[in-house]
Each structure stands twice: as C-alpha cells, then as structure tokens.
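Peer 1: Provided below for reference: sequence and predicted model.
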Amino acid sequence: MTEALTPDAPVISDSSGAAAETPENSVAGSAPVTSEDVQAAVYAIAERSRKAARRMGQANRAWKDRALRAIGAALLDQQKNILEANAKDVAEGRANGTSAALLDRLTLTPARIDGLVAALENLAGLPDPVGNVVRGQTLPNGLRLRQVNVPMGVVAAIYEARPNVTVDIAGLALKSGNAVILRGGSAAANTNEALVRILREALDSVGLPADAVQTVDQFGREGANVLMRARGKVDVLIPRGGRDLIQTVVINSSVPVIETGEGNVHIFIDESASEEMAVDILLNAKTQRPSVCNTVETLLVHSGSTVLPAVAKALRSAGVTLHVDDRIAAALGADVETVPADDDDWATEYMDLDLAVAMVDNLDQAVKHIRTWTTGHTEAILTNNLANAEKFIAEVDSAAVIVNASTRFTDGGELGLGAEVGISTQKLHARGPMGLTELTTTKWIVQGEGQIRG
C-alpha cells in the first residue's frame, strides 16, 4: 500500500489532542503548506521525542508500569469515544471500497479493546529489559565489563489501517524506555486521533512526558516521507502492513529500518499426520482470523497422506476457496469444489478465505517449494515422525518454524511477549515477534581502577 507514502498536499489536524503544543504552526490554527514547513514540523516533533526519550530512559519499572495501567484504564473509560471514532473510519472505508480483510484490521470492538487492555497489563507484568546484563566478565588486567540492554531512543512506526498497532507499539516502546512517533495512515485517522490523545493524557497523569507518544498523521503523506528521511533524529523505523508499504519504506528510508514482513505462510501435512489434528489446525490457521500475517496461505500435502479429503471438505465448509494444482484436483475429484492454481497463487498472501494447495511426494519437495515461495515468516509441519520434524526444523529458514500447532501462534502476545511491534523477517538485530527486548540495543560498560593500555 503506497497511498500513505506518495507525496501530496499534507492534511493537517492536531491529532495529538494538545492544541497548545503546535510550535510547528506559524499562526495558531494555521497549518504548514509547503514541504519545508512539514519537514520543520516533523523535525520539531522528533526533537521533542528525543527529550522525552531521555526521561523515559531514566524511568524505573514501577513508573512505566503505572503508565501502562493508566493507559489501560483510560481505554476502558473512554471506550465509547473510541468506538464512535472507529465507526466513522470503518464507514468511510466501506464507502471507499476497502477490502474485507483491511476492514477487519481496521475495526475495533469492545472485545478487541479488552484485548488491548489485557496486553498492556501483560506488559506491565513482564520484566523490564532496560539494564539487563547480556554478558559480562573481568579481564586479566582487572577491567570489569558488562554489556547491558538500553533503550533505542526514538522509535518511529509507519502502519496502515490497524488502530490496535497504535496501542501495542506505544506500550512496548514506553515499557522499553523509548519515545515513539506514529504514522497510522488516513484509513484509521479518527480512531488514531482518539487513541493518541488518550495515550498522551495517561502519560501526563502519571508524571511521564506526553511527548513520549507523538504522531505525524496531521502532516499527511509528506509527513511519512519526512519521517523516513529523518536520519539522526529518529533511531529506528518499523513499517507494518502490506508488502507495498513495507517495501516502499525499506527502499526509500534513510533511517535504519527493521523490516516486518508479509506472511506467505506454509503448512506441510506429512504422510504420518493424523486426520483430526490436520483438520483442527488447518481450520484454525486459515479461518480464525484470515486477515492477519500469521494465517496459512499455502498448504502442501504429502502424496501418501490420507487426510486430504477431510481437510479439504472442512475448509470448504468454512467458506475457504481452494486454489489447487492438478494433482490435488485429481485426488479430490468432483467431491470438493476447487479452482486451478498458478504461480501467482504460490506467491500470494491472500489475507482472506483463500488457500493455495499443492501435492508433494516427500519432505524434500515440500522444503524446496517453501524455499522458492516463502517470505520467511512462519512455516509449519504436521507429522508424527520425529526425524521428519527435526529435518524440517533444520532445513526451513524462516523466522518461526512450528511443529504440530497452528501458525496463528506466531504472535508476540501468544508467545509470552505481552504484545509485538511486528514480526521481523530479516536477520539483523531482531527476527520473529518483536517485543520489549527487541526495542532495546546494548552498550558496553567498562569499569577500571586506573588501567592503561600497554
């Protein structure tokens, strides 16, 4: 999705909820109208974020946890306002022809708000990563060394139509001692405005800087472009969304980027897998929430497996369209409705009730198919053969490899991280679900007693 990143005239509104905090505007109530004005305004936000980050980096765990719980309480207290704002975004999205998958991601419900509050509470219950000693030793010359986790500083995030990300990223950034700058996109403008206001007010209520959470949504697409170019002012930028958005940020950003990848996720049903387990896992992995990145998109079935008819019928009964190769079509015959698959299907992250299905003759063929088409997010094997499970783990190079469980578990909350910024599919700094520790870096502390180097 490149809509949020294509330069055009910025649309300005004070979505921070603090009209007095707009030094970027030359006249009260006016808005920057040139690229230079927008750049100055975004840089001013980054400077305020840097000051806030210094304070957040000194806050102890108890103080940060009070902030997280204050945010959770405020979300519940202002739930009505949040849902009203969200309803406007959803109605506008539906009128503009937004896909069902994106509408699902855009929509907040009381249950989803409860989930956000629960995630904040989980974060509050997790250890503070700041100050954690990664390793240490005393050298023969008496120097005492420690490598410790420290906050990144100013973390920026660009994402689309996902208001839950506003809360998740802010919570993770605050607990790990960072300040965060958000660009949530026009599709969720009303919801994000309400959420950012709540976040800032909650921080202020516990004596932490409101500027630890800021947004550039008020500067439209050009604000996102400036954010990507703010090297030295923003420490790390995390894109979260579809392939187009992520690749646009990766290619055009001069700020260091942690790439959160699309999820062309595979499940391989081995010859030894049981029918009951295969049906249950495939239904969960494909239909529980089709619009998210850990949903299975391609099913590979061993030619010697007997579970294909039951799995296919269960998926069709759940409304899943099966895009199949010739061997799968022949095996299912007229009993199960299918459509022919082509190479585009093997490469597609449907984010909907569609599934590509291919037949393979052995584990090696399954691994070869995955290597050809994977985005490096999550792959799973269903098997009762320990040797095959171990081989699959060893040979599949993705951020998460799962044996005999749903791919839906590749999620920060499900894996005990409280929440996640995204699923990193790169190999530098962070890989897989990015939680608190992944929003820290390290520094070396060297303590001596007058030693000099000879």
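Peer 2: Thanks, I have it. Numbering: from 1, shown residues only.
Peer 1: C-alpha from now on. contacts and neighbour counts both.
Peer 2: Will do.
Peer 1: tell me the mean pLDDT for stretch 156-167?
Peer 2: Mean pLDDT, stretch 156-167: 92.
Peer 1: let's see that stretch as CSV, backbone CA atoms only.
Peer 2: Extracted C-alpha coordinates of stretch 156-167, given in CSV (Å, rounded to 0.1, in the frame of the first residue of the first chain):
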residue,chain,number,x,y,z
ALA,A,156,9.1,5.5,14.6
ALA,A,157,6.4,3.3,13.1
ILE,A,158,4.5,3.5,9.8
TYR,A,159,1.5,1.3,9.5
GLU,A,160,-1.9,1.1,7.8
ALA,A,161,-5.5,0.6,8.9
ARG,A,162,-4.5,-1.0,12.2
PRO,A,163,-5.5,1.1,15.2
ASN,A,164,-4.6,-1.7,17.6
VAL,A,165,-1.0,-1.2,16.5
THR,A,166,-1.1,2.4,17.9
VAL,A,167,-1.6,1.0,21.4
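Peer 1: wait, Gln447 touches Leu143, no?
Peer 2: Yes - with contact defined as C-alpha atoms under 8 Å, Gln447 counts as touching Leu143 (5.8 Å).
Peer 1: all helices of the stretch 251-400 of the chain, in order?
Peer 2: Ranges of helices in the stretch 251-400 of the chain, per DSSP state H, counting those that start in this stretch, are 275-287, 308-317, 326-332, 343-346, 363-373, 386-395.
Peer 1: which one of those helices lies closest to Asn252?
Peer 2: Closest to Asn252 of the helices of the stretch 251-400 of the chain, according to C-alpha to C-alpha: helix 363-373, at 24.7 Å.
Peer 1: tell me which residues of the closest one come out buried.
Peer 2: Leu363, Ala366, Val367, His369, Ile370, Trp373 (16 or more other C-alpha atoms under 10 Å).
Peer 1: for Leu355, see how far away the fourth one is.
Peer 2: Applying C-alpha to C-alpha, to the nearest Å, one obtains 15 Å for the distance of His369 from Leu355.
Peer 1: the helices of the stretch 251-400 of the chain: which one's closest to Leu237?
Peer 2: helix 363-373 (26.5 Å).
Peer 1: which helices and strands sit right next to that closest one?
Peer 2: helix 386-395 (3 or more C-alpha pairs under 8 Å, 6 or more residues apart in numbering; DSSP states H and E).
Peer 1: again, only this time at 6 Å
Peer 2: Contacts defined by 3 or more C-alpha pairs under 6 Å, 6 or more residues apart in numbering; DSSP states H and E place helix 363-373 against no helix or strand at all.
Peer 1: so it versus helix 386-395, what angle?
Peer 2: 20 degrees (axes from the mean of the first three to the mean of the last three C-alpha atoms, to 10 degrees).
Peer 1: which residues touch helix 363-373?
Peer 2: Where contact means C-alpha atoms under 6 Å, 6 or more residues apart in numbering, the residues beyond helix 363-373 that reach it are Ala347.
Peer 1: any idea how far it is from the chain center?
Peer 2: Mean-position distance between helix 363-373 and its chain equals 26 Å (C-alpha atoms, centre = their mean, to the nearest Å).
Peer 1: quick one: average pLDDT of that helix?
Peer 2: Regarding helix 363-373, the rounded mean pLDDT is 98.
Peer 1: send me it as CSV with only the CA atoms.
Peer 2: Extracted in CSV, the C-alpha atoms of helix 363-373 (Å, rounded to 0.1, in the frame of the first residue of the first chain):
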residue,chain,number,x,y,z
LEU,A,363,9.7,-33.7,2.7
ASP,A,364,12.4,-32.5,0.3
GLN,A,365,9.9,-31.4,-2.2
ALA,A,366,8.0,-29.6,0.5
VAL,A,367,11.1,-27.8,1.7
LYS,A,368,12.0,-26.9,-1.9
HIS,A,369,8.6,-25.4,-2.5
ILE,A,370,8.8,-23.4,0.7
ARG,A,371,12.3,-22.1,-0.2
THR,A,372,11.0,-21.0,-3.6
TRP,A,373,7.9,-19.1,-2.4
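Peer 1: any idea how far Ala387 lies from Arg371?
Peer 2: In terms of C-alpha to C-alpha, Ala387 sits 20 Å off from Arg371.
Peer 1: report the secondary structure state of Leu208.
Peer 2: Under DSSP: H, G, I helix; E, B strand; the rest coil, Leu208 falls in the coil class.
Peer 1: distance of it relative to Asp361?
Peer 2: Where Asp361 is concerned, Leu208 sits at a distance of 59 Å (C-alpha to C-alpha).
Peer 1: now do Glu390
Peer 2: 18 Å.
Peer 1: try Asp104
Peer 2: 37 Å.
Peer 1: swap in Ala405?
Peer 2: Ala405 is 22 Å from Asp361, by C-alpha to C-alpha.
Peer 1: can you list the helices of the stretch 251-400 of the chain in JSON lines and add distance to Ala224?
Peer 2: Formatted as JSON lines, those follow (distance: least, C-alpha to C-alpha, whole Å):
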{"stretch": "helix 275-287", "distance to Ala224": "33"}
{"stretch": "helix 308-317", "distance to Ala224": "40"}
{"stretch": "helix 326-332", "distance to Ala224": "45"}
{"stretch": "helix 343-346", "distance to Ala224": "31"}
{"stretch": "helix 363-373", "distance to Ala224": "30"}
{"stretch": "helix 386-395", "distance to Ala224": "38"}
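Peer 1: and of those helices, who's closest to Asp114?
Peer 2: Across the helices of the stretch 251-400 of the chain, Asp114 has its closest neighbour in helix 275-287 (21.7 Å, C-alpha to C-alpha).
Peer 1: pull out the buried positions in that closest one.
Peer 2: The neighbour-count check on helix 275-287 (16+ other C-alpha under 10 Å) flags Glu275, Met277, Ala278, Val279, Ile281, Leu282, Leu283, Asn284, Ala285, Lys286, Thr287 as buried.
Peer 1: for it, give the mean pLDDT please.
Peer 2: 98.
Peer 1: how about the CA coordinates for that helix, as CSV?
Peer 2: Output of helix 275-287 as CSV, limited to C-alpha atoms (Å, rounded to 0.1, in the frame of the first residue of the first chain):
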residue,chain,number,x,y,z
GLU,A,275,-6.6,-36.5,10.3
GLU,A,276,-8.1,-35.0,13.4
MET,A,277,-5.0,-32.9,14.1
ALA,A,278,-4.7,-31.8,10.4
VAL,A,279,-8.4,-30.7,10.2
ASP,A,280,-8.3,-28.8,13.5
ILE,A,281,-5.0,-27.0,12.8
LEU,A,282,-5.9,-26.0,9.2
LEU,A,283,-9.3,-24.6,10.2
ASN,A,284,-7.7,-22.6,12.9
ALA,A,285,-4.7,-21.4,10.9
LYS,A,286,-6.9,-20.4,7.9
THR,A,287,-10.2,-19.3,9.3
